[in-house]
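Engineer: Sequence plus the predicted model coming up.
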Amino acid sequence: MAVFLFSQWDQQASAVFSTLSVDNGGRQSVLAVCCGILPANASWSLLDAGAADILLWPSAPAGAGNIAAQCAARLQRWRATELLMQTDTVRSCLVGDSLAWRALVRNVVEVAAWTHSPVLITGETGTGKEQIAKLIHQLNGCALPASHARHGDTPLVLVDCSTLAQELAGSEFFGHEKGAFTGADSARDGAFAQADGGILFLDEVGELPLPLQAQLLRVIQEQQYKRLGSNHWQPTRFRLVCATNRDLEACVAAGTFRADLYYRIAGWRCRPPPLRERQGDILPLVSHFLQQLDPDQQHELDPAVREYLLTRHYPGNVRDLRQTVARIWHRHCGPGPLTIGDVPPDERLHAGAAWPDQCFTDAVRHALDLGVSLPAISQAAADTAMRLALAAQQGNNQRAAAMLGISDRALQMRRKGKQDGPAYH
Ligand SMILES: Nc1ncnc2c1ncn2[C@@H]1O[C@H](COP(=O)(O)OP(=O)(O)OP(=O)(O)O)[C@@H](O)[C@H]1O
């Protein structure tokens, strides 16, 4: 965690700030405090460069104490969040060390622990949406004053909206009285009652039929409901966490999802990235799954298996990776590392991935979608390759140049040309 104080925003301040945030590797929060006037777009540049927040130094001397208190409050909150992120509860639930993943976990932890807000989780299948919901349940308001805390032994009620039978859906949510309909032999609580005091997790919320959307909205607004066949209102208070792999905003635009409900459930939004956007998480996840499969053993991977797992395509994301690891592990026998022979024969079709691979194609497509030009894409690819090679060779120019297949001098020249941008170490 660092505080960056600058008297005026100019090229030099910008270069120092970029170095600071690059050095932090995005793992820590950098707070920028500006003593002068901040030009219109500089706030966004600072945020882009890694600032977690920007404070303006007050013009009156008496304001100095106040700014110190503002800094202290932020640093305290970030420190507390960082400590929560290091706990076993968080680390074993949401495994991964890539910057993208750590940034997401930081947001989830903060929202889960410091608020009772509804959360909408969107993302491809198998990216960890349900895991995130489980973590929100475990942390639910745990950093709030005791009078507001609802975590601990509270219910987590999951309703999969994609498998609700139309005729039973009402009872599933509201519960029913005995005799409310044919086959209602006894009274039964529904999800709204069961989730009271805890979390109601609506998985695949995008599949909820419109009539049920209206009923759900009413219960969220009024915090009460009636069982089917009853005239009595029952109070209920739950935190709503919803997940979907649909683009709900597009559903709202198409009229298949109610806008008023959308804004109710999307108090906070988070989107776990697909595995192809966070390859750095593959090996930590592999270790985690091997540990789950065989807690008594420390399993190693030989280089060929490691390469195979790193380059394979995972359309089912983390779930796909977990199943792949399990299949390899089940074939393994005896001591020693997992070897390429442990990869099941039908899996071998995926092997031998040539470059450029699917991940590269996806990255370029993403850049094109953002409107990035060809020269900028080429430049970014070259910059990234240089940074990675230098990092792999601990900053040794000669070895990094050899790795890149260019001359020592060519790399030196390129680094020199980059002096105004982020530093390569
Ligand atoms: N970051 C993670 N750390 C550990 N396990 C994970 C992580 N992400 C996903 N998993 C595991 O991957 C599997 C799929 O995760 P999960 O069910 O949360 O995905 P999902 O996005 O809800 O999928 P779907 O949309 O298909 O319901 C689970 O077995 C889960 O334990």
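Structural biologist: Structure's in. What do you need?

Engineer: What ranges does the stretch 101-250 of the chain have for its helices?
Structural biologist: Using DSSP state H, counting those that start in this stretch, the helices of the stretch 101-250 of the chain run over residues 129-139, 169-174, 191-194, 210-222, 248-254.

Engineer: With mean neighbour count, distance to the ligand and mean pLDDT as new columns, can the ones you listed be given to me in a markdown table?
Structural biologist: No exception for glycine: its C-beta is placed from N, CA and C like everyone else's. Output for the helices of the stretch 101-250 of the chain, formatted as a markdown table (neighbours: other CB atoms under 10 Å; distance: least, CB to the nearest ligand atom, whole Å; pLDDT from 0 to 100):
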| stretch | mean neighbour count | distance to the ligand | mean pLDDT |
| --- | --- | --- | --- |
| helix 129-139 | 21 | 3 | 96 |
| helix 169-174 | 20 | 18 | 89 |
| helix 191-194 | 22 | 18 | 94 |
| helix 210-222 | 15 | 19 | 91 |
| helix 248-254 | 14 | 14 | 94 |
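
Engineer: Include distance to C34 when you put those into CSV, please.
Structural biologist: Shown next, in CSV, are those (distance: least, CB to CB, whole Å):
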stretch, distance to C34
helix 129-139, 33
helix 169-174, 51
helix 191-194, 49
helix 210-222, 41
helix 248-254, 34
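
Engineer: Give me the below-cutoff pLDDT ranges for the stretch 1-150 of the chain.
Structural biologist: 1-2, 9, 17-29, 60-65, 146-150 (pLDDT under 70).

Engineer: Can you name the residues of it that neighbour the ligand?
Structural biologist: L94, V95, G96, G123, T125, G126, T127, G128, K129, E130, Q131 (CB under 6 Å from any ligand atom).

Engineer: ok, now which ones touch the residue sitting nearest the centre point of the chain?
Structural biologist: Centroid check for the chain by CA atoms, centre = their mean gives L104 as the closest residue, at 3.2 Å. Listed by CB atoms under 8 Å, 6 or more residues apart in numbering, the contact set of L104 reads C270, R271, P272, P273.

Engineer: for those residues, which one is nearest the ligand?
Structural biologist: P272 (6.7 Å; CB to the nearest ligand atom).

Engineer: which residues does the closest one contact?
Structural biologist: For P272, the contact set (CB under 8 Å, 6+ apart) comprises W101, L104, I121, G123, T127, G128, K129, I132.

Engineer: Spatially, what comes nearest to whichever residue of the stretch 1-150 of the chain sits closest to the ligand if we skip its sequence neighbours?
Structural biologist: Proximity of the stretch 1-150 of the chain to the ligand (CB to the nearest ligand atom) peaks at G128, 2.9 Å away. Take G128 and drop its neighbours on the chain: the residue closest to it by CB to CB, 6 or more residues apart in numbering is P272, 4.8 Å away.

Engineer: What of K129?
Structural biologist: Here the residue nearest K129, using CB to CB, 6+ apart, is A243, at 4.0 Å.

Engineer: next one: W114
Structural biologist: A143 (5.0 Å).

Engineer: For the one you found, the count of nearby residues, please.
Structural biologist: Using other CB atoms under 10 Å, A143 is surrounded by 18 other residues.

Engineer: The longest helix seen in the chain - contacts with which helices or strands?
Structural biologist: Longest helix in the chain by number of residues (criterion: DSSP state H): helix 64-85. Identification of packing neighbours for helix 64-85 by 3 or more CB pairs under 8 Å, 6 or more residues apart in numbering; DSSP states H and E yields strand 30-34, strand 51-56, helix 99-114.

Engineer: what angle separates the longest one from strand 51-56?
Structural biologist: By that I understand helix 99-114. 60 degrees (axes from the mean of the first three to the mean of the last three CA atoms, to 10 degrees).
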